[in-house]
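> test case, fold it:
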Amino acid sequence: MSETFAFTIKSTGFDENYRPSDNTRITTNFANLARGEKRQENLRNTLKMINGRFNTLAHWDNPEGDRYRVELDIISVEMAMDAARPDNALPLIEILKTRIIDLNTETAIEGIAGNNFSSYVRDYDFSVRLLEHNRGQSGFSVPEDFGALHGNLFKRFVNSSVYRAHFSKPPVICISVSSSKTYHRTDNYHPVLGTEYWQDEHSLTDEYFKKMGLKVRYFMPKGSVAPLAFYFFGDLLNDYTNLELIGTVSTMDTFQKIYRPEIYNANSAAGKFYQPSLEHQDYSLTRIVYDREERSRLGVEQGRFVEEHFIKPYQTHLEQWFAPSAH
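Numbering: from 1, shown residues only. Predicted coordinates:
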């Protein structure tokens, strides 16, 4: 079966002047920060937190704690089902790309692509399909092929010539650990990622990312109060340099303090056994305004959007595309 789809990538700088474009997923966390009366103050404070965290972790040869600056690009991925009609492309994925500026040597160091991860199809899966599947049922269950379409789309993108032309290494996604699982501290310690945690049963999100071809490990960096979940291809600890990893940790640790302060800005650190909870009351708020309720509501709206404009119109095509005989 010949493939007629085509991926395109657009890059937008994320700085204090950032304004979301009309076709940006408005549930994207960084887009949420960039709206309202406090938008510029939000962005300025967020970037300041990221830079401070980076310099704290990259402390060697950095006596004043101001050697590095982190720059972020929002990478928007669109996919046209017909390569001959690129103007008919649908928004598919948004990730972040870090760039590290060494102010001592006046050089730019390429960082990791991924970090934050937003997807229209994931909105559909979690905010529409999963809810409809469980409506009226006495217990919770997951559709048999849950996440299969999204996983195949993501793997095709990462293996595409478009991805390779823009990024030199595979992506690393860094998000919150699951509030439904208990994590156990291990003796393994990494100089950047910190103390490793493990759990013996994957969460629904872990399984979803597994269908994207990604493995998961959980680390709590020095100075953090809860472990982060790192999703990756290959070897997380050896495929990336310390500065690359610090770029991801400083960016996503900052965002999680804003998004989930109950977990990542708690006033006490995770212990030997740790179960995250959004009901936790002993935490501090950042000065950055973030509307979590709005984001949840818009997730349903955007899930419906992708159902109407992508899932239903191209269902037959997609089933043929990913059928075993097509490969």
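
> tally of neighbours for F255?
Around F255 there are 25 other residues, counting by other CB atoms under 10 Å. Every C-beta, even on glycine, is put in place using the N, C-alpha and C of the backbone.

> repeat for G65
The burial count for G65: 13, using other CB under 10 Å.

> help me confirm that it comes into contact with F54.
No - G65 is beyond contact range of F54, at 9.7 Å (criterion: CB atoms under 8 Å).

> chain neighbours aside, what residue packs nearest to G213?
K155 (4.9 Å; CB to CB, 6 or more residues apart in numbering).

> so the one you found: helix, strand or coil?
What DSSP: H, G, I helix; E, B strand; the rest coil gives for K155 is helix.

> that one and L214 touch, don't they?
No - applying CB under 8 Å, one finds K155 not in contact with L214, separated by 9.4 Å.

> can you map out the helices along the stretch 201-327 of the chain?
204-210, 242-259, 261-264, 292-306, 315-321 (DSSP state H, counting those that start in this stretch).

> and the shortest one, how far out from the chain middle?
If you compare the mean C-alpha spot of helix 261-264 with that of the full chain, they lie 17 Å apart, counting by CA atoms, centre = their mean, to the nearest Å.

> which residues sit against it?
Residues outside helix 261-264 that contact it (CB atoms under 8 Å, 6 or more residues apart in numbering) are 176-177, 179, 224-226, 253, 256-257, 276-281, 283-286.

> restricted to strands, list those residues.
The strands, defined by DSSP state E, take in S176 from the contacts of helix 261-264.

> quick revisit: right, and the helices of the stretch 201-327 of the chain - which one's nearest H166?
Closest to H166 of the helices of the stretch 201-327 of the chain, according to CB to CB: helix 242-259, at 15.8 Å.

> mind listing what's buried in the closest one?
In terms of neighbour count (16 or more other CB atoms under 10 Å), helix 242-259 has its buried residues at 243-259.

> so which residues of this protein form strands?
Taking DSSP E as the criterion, the chain carries its strands at 6-14, 68-80, 90-102, 107-119, 172-176, 183-190, 194-198, 215-220, 228-232, 273-274.

> name the helices or strands packed onto the fifth one?
Put plainly, it is strand 172-176. Applying 3 or more CB pairs under 8 Å, 6 or more residues apart in numbering; DSSP states H and E, one finds that strand 172-176 contacts strand 107-119, strand 228-232, helix 242-259.

> what's the average pLDDT for the longest one?
For helix 242-259, the per-residue pLDDT values average out at 96.

> same thing with the first one?
Averaged across strand 107-119, pLDDT comes to 95.

> now it: buried residues?
E110, G111, I112, A113, G114, N115, N116, F117, S118, S119.

> same check, this time on the second one
Within strand 228-232, the residues that count as buried by 16+ other CB under 10 Å are L228, A229, F230, Y231, F232.

> what sits up against it?
Contacts for strand 228-232 (CB under 8 Å, 6+ apart): 114, 170-178, 193, 205-206, 209, 212, 214-221, 236, 239, 248-249, 252-253, 256.

> distance between that strand and the chain's centre?
Distance, centroid of strand 228-232 to centroid of chain: 9 Å (CA atoms, centre = their mean).

> what lines up beside it in the sheet?
strand 172-176 (antiparallel), strand 215-220 (antiparallel) (DSSP bridges).

> could these be laid out in JSON lines, adding mean neighbour count and mean pLDDT?
Output for those, formatted as JSON lines (neighbours: other CB atoms under 10 Å; pLDDT from 0 to 100):
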{"stretch": "strand 172-176", "mean neighbour count": "22", "mean pLDDT": "97"}
{"stretch": "strand 215-220", "mean neighbour count": "21", "mean pLDDT": "98"}
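
> show me the one of those strands that comes nearest T316.
That would be strand 172-176 among those, by CB to CB, at 30.3 Å.

> what angle do strand 90-102 and the closest one make with each other?
Strand 172-176 runs at 100 degrees relative to strand 90-102, counting by axes from the mean of the first three to the mean of the last three CA atoms, to 10 degrees.

> how far is strand 172-176 from where the chain is centred?
Counting by CA atoms, centre = their mean, strand 172-176 comes out at 5 Å from the chain centroid.

> let's see that strand as PDB, backbone CA atoms only.
C-alpha atoms of strand 172-176 as PDB (Å, rounded to 0.1, in the frame of the first residue of the first chain):
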ATOM      1  CA  VAL A 172      12.200  12.200  25.300                       C
ATOM      2  CA  ILE A 173       8.800  13.000  26.900                       C
ATOM      3  CA  CYS A 174       8.800  14.000  30.500                       C
ATOM      4  CA  ILE A 175       5.500  14.200  32.400                       C
ATOM      5  CA  SER A 176       3.900  13.700  35.800                       C
END
